[in-house]
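**Q** Need coordinates for the following:
(chains A and B)
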Amino acid sequence: MSKRIVVDPITRIEGHLRVEADIENGKIVDAFSSGTMVRLLEEILQGRDPRDAWAYVGRVCGVCTSTHSLTSVRTVEDALGIVVPPNAELVRNLMHCVLYMHDHVVHFYHLHAMDWVDVVNALKADPKKTSELAQTISKWPKSSPGYFSDIQKRVSKFVESGQLGIFANGYWGHPAYKLPAEVNLIGLAHYLEALEWQKEIVKVQAIFGGKNPHPNYLVGGMACSIGLDDVNAERLAYVHQLLKQGKDFINQVYIPDLMAVASFYKDWGAIGGGLGNYLVYGDLPTNGYADTKSYKFPSGAILNKDISKVHEVDLRKEDEVQEFITNSWYDYKEGKDKGLHPWKGESKINYNGPKPPFEHLDTSKEYSYLKTPRWKGHAMEVGPLARVLVGYARGVEEYKAIVDKTLKDLDVPVAALFSTLGRTAARGLEAVLAADWALEFYDSLIANIKAGDTKMAEMSKFNPSTWPKEALGVGHSEAPRGALAHWINIKDEKIANYQLVVPTTWNASPRDGKGQMSAYEAALIDTPVHDENQPLEIIRTIHSFDPCMACSVHLYDENGKTISRISVVGD
Amino acid sequence: MLEVKQPTYYEEVIRKGYNRRDFMKFASMMTAFIGLEKSSIGQVAKAMETKSRIPIIWLHFQECTCCSESFIRSSHPMVADILLDMVSLDYTETLMAASGIQAEQSLKNTMSKYKGEYILCVEGSVPLAADGVYCMIGGKTSMQILDEAAAGAKAIIAWGSCASNGCVQSAKPNPTQATPIHKLIKGKPIIKVPGCPPIGEVMAGVIVHLLTFGTIPELDRVGRPKAFYSKRVHDTCYRRPYFDAGLFVETFDDENARKGYCLYKVGCKGPSTYNACGVMKWNGGTSFPIQSGHGCIGCSEENYWDNGRLYDRASSFAGFGIEADADTVGKIALGATGIAIAAHAVATNLGKKHSIQDLENEGKISEHELPS
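**A** I've put the predicted structure just below:
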């Protein structure tokens, strides 16, 4: 007989997430996923100026900020046939790499680390031993015994004060925490250091986009001109300094910590694998957005963990990406079971769930505000692991080198990538690549300017009077959390339809009409849970996806077993 | 549990390894940020040395978490690190270690133990359509959750434009009936901190004010702290002289854009937007939208999503006032008649004089005691 457990809210994510899972013999046997917040931005966008859309959809997410705005300007440019100047492409790439550097570090330390690092146990560490260990894994200068001892004292007093703030009520002392006290102390110290660091790297986005979160974009290029003011020599020198500092932190703090933590949790290389299908749209063009072969993140799909074959992906084909609503609170004109390509997408809401407050949803019918996207009918995982696998499977040298080295250093097989640990490791590897690429893009930008090319925006088609009466467009990007695309239909200078299919919709959506689970649900199956009252393992796997909800997710049992909410543990 | 004396902010600072000098620097900066005279620095410093940490509950509804992200960007060396501790952030879904029941327990603990004392921060709007089903957490609607948490709060901070004015989800036709906090909760002091997001240092400044004086900062007639929202972006913009001189960017990335001229004609909403961007800038003073070549989109203003298109010039919507005249003159000035340029300058200077007098009046400090 299985037992239902509830984790609600799951914290350290964007948005609200509720997980319910059935546990039998210490393993999860069933689960459902449901989003319960909706803002209906698609409806709000109708009738507006397509050039303004980036600002509206940018507000879909403030954590992976800038991604939706970037995708939106690409979508409108696609519809209107605008090709942005090389400098604008480079600045966009730079800003995008900076987003990766920031977002992946913040995810590792502030959203994910406390799943692996026991903060309270860090107080037992020997600062001298911690210092020795830190110096063997990295040349990062802040590693003296005094440094670690100061941090330990600060946190000790904090704990003694009785006001634990954000550290209150964690699963501290759980047997699934396996790090030695010294590694825990390093993790804790770098949690605090990363909090200081993260506000620096985003300054690159502020220089080009005016602010962060939510920097400004522009259909046709970027608004920051190269000249006396917006982007001048001083600004560019500042960007270079920030990029170098960012790269140092990733290589000397994030990666050594990730490897140290991973080496104690190799068993998680066989847990949380899930679907085994991976989808990437591709991003970071090096020869214009239209030249998909020039992308630093190559596109493609992998099915059934078969990395010997990478399938091509076409977002314009109506039988590839489709959204289903069998289990979602929406109606389509042509019925519940139809799949719609986003150009023909509809967002007519129809909530028919229970009236709140309620204890549980009826999962025998619709149970989510998320639609269910499928690629050629397959449920797909998107995100860092998908990107690293596609790059690796395509034999791109940069990916081969970094993946093979990591597997060798950890002494684990390729199969270990298909896991919770693989997802978390892939994110780190991407951060390394993004930091390198950012400097490449920077050098290219400087070279262009030196050669006399200072054009930053193509404005010849900015005026609506130059537009065709009707136009379809699709734009894509690789958000930190995975493949992202927007589809637009422009009519009479206005938005007639705008549809977004976002990474977390791929990963966190409800089951489709065939009963196929999406990535979150699938990854939870077979995850071991040591203590039902402290389901740390569920949180590890869910966090490995870096959920970005802007919505709530519920997981429910399809057989409708009785829900028994767990009792309060600790205080 | 044994009651332990709560550490003061000063003790926290010293514990964090900063010295007294750093502390005074921070106190000075915050004094300036919250709009006090220099003579108040001592008062701010003293308050930080002696006041306990305020418990904070931070809820998320219809939002995108940009406010939390901006808050952790707060740039002074101590703010990102120490504000998290000094205020005892007892419940924040973005950062807290605990999940599930343990997280709910943290929320309940603070609500009961610090009843009437905690500050409730709200990020996001509340959808009222369809009985609230468009935002449900743990089977409850956001309205039900807000009601419970607001009841015992000493004061409420409405972070960002979502909580202050509904932001993007409340744009027409506002399909979920997204509603800002002040329209839902009555009888509690509510501080609106609009912006999408607000500047990190503004958020820090509001919290430091609460901590320092135990009072809410002086608010304008719509409930925003005057220290940060009494000046228009236009009045504090370093490109204002170009506006006054009638020198405008005509289209993005043109010759004038490369010279850093005024962005008014390509849609800058600075003339109708009240915010501190021109003074404090973003990300530790790195830049702000205009400095990076894009006009202000007016993100801290109510209904800014419906106040005309981004790239339409600002005078075409209501409430523009005196600058609309200035623009008319400015357009003539662009026709290069010296007389018109002079007239423009006069009109603009009159406008400036008026706003400086307003600022002086608004700048007088009169604190509102919080109801206990």
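
**Q** burial measure for the closest residue to chain A within chain B, as a count.
**A** For chain B, the residue closest to chain A is residue B:66, as judged by Cβ to the nearest Cβ, at 2.4 Å. For every residue, glycine as well, the C-beta is placed using N, CA and C. Residue B:66: 28 surrounding residues under other Cβ atoms under 10 Å in any protein chain shown.

**Q** dump the residue contacts of it.
**A** Shown in contact with residue B:66 (Cβ atoms under 8 Å, 6 or more residues apart in numbering or on different chains): A:59, A:61, A:62, A:63, A:65, A:213, A:214, B:160, B:196, B:197.

**Q** May I have the phi/psi pair for the closest residue to chain B within chain A?
**A** Here the residue of chain A nearest chain B is residue A:62; by Cβ to the nearest Cβ that distance is 2.4 Å. The phi/psi pair for residue A:62 (degrees, to the nearest 10) reads phi -100, psi 0.

**Q** Leaving out chain neighbours, which residue sits closest to it?
**A** Excluding its sequence neighbours, the residue lying closest to residue A:62 (Cβ to Cβ, 6 or more residues apart in numbering or on different chains) is residue B:66, at 2.4 Å.

**Q** so how far is residue B:305 from that neighbour?
**A** Using Cβ to Cβ, to the nearest Å, residue B:66 is found at 15 Å from residue B:305.

**Q** got it, and residue B:232?
**A** Residue B:232 sits 19 Å away from residue B:305, going by Cβ to Cβ.

**Q** ok, those two, which is more surrounded?
**A** The neighbour count for residue B:232 versus residue B:305, taken as other Cβ under 10 Å, is higher for residue B:305 (28 against 19).

**Q** For that one, which non-adjacent residue is closest in space?
**A** Nearest residue to residue B:305 in three dimensions, chain neighbours excluded: residue B:171, at 3.7 Å (Cβ to Cβ, 6+ apart).

**Q** and what of residue A:221?
**A** The shortest distance from residue A:221 to any non-neighbouring residue, by Cβ to Cβ, 6+ apart, is to residue A:457 (3.0 Å).

**Q** The one you found touches residue A:83, doesn't it?
**A** No - the pair residue A:457 and residue A:83 fails to qualify as a contact (Cβ atoms under 8 Å) at a distance of 11.4 Å.

**Q** Which one's more surrounded, those two?
**A** Per other Cβ under 10 Å, whichever of residue A:457 and residue A:83 has more neighbours is residue A:457, with 25 against 15.

**Q** Residue A:207 - how many residues pack around it?
**A** 27.

**Q** do the one 4 residues further on as well
**A** Burial measure for residue A:211: 29 neighbouring residues, criterion other Cβ under 10 Å.

**Q** Also residue A:130?
**A** Here the count is done by other Cβ under 10 Å, and residue A:130 has 27 residues near it.

**Q** Against which helices or strands is the helix or strand where it lies packed?
**A** If you go by DSSP states H and E, residue A:130 is part of helix A:127-137. Contacting helix A:127-137 under the criterion 3 or more Cβ pairs under 8 Å, 6 or more residues apart in numbering or on different chains; DSSP states H and E are the following elements: helix A:145-160, helix A:181-201, helix A:255-264.

**Q** so which of those helices gets nearest residue B:217?
**A** Closest to residue B:217 of the helices and strands packed on helix A:127-137, according to Cβ to Cβ: helix A:181-201, at 23.6 Å.

**Q** Tell me how many other residues crowd residue A:396.
**A** Residue A:396: 16 neighbours (other Cβ under 10 Å).

**Q** close enough to count as contact, it and residue A:300?
**A** No - between residue A:396 and residue A:300 there is no contact under Cβ under 8 Å: 10.8 Å.

**Q** and the angle from the helix holding residue A:130 to helix A:145-160?
**A** Going by axes from the mean of the first three to the mean of the last three Cα atoms, to 10 degrees, helix A:127-137 is angled at 120 degrees with respect to helix A:145-160.
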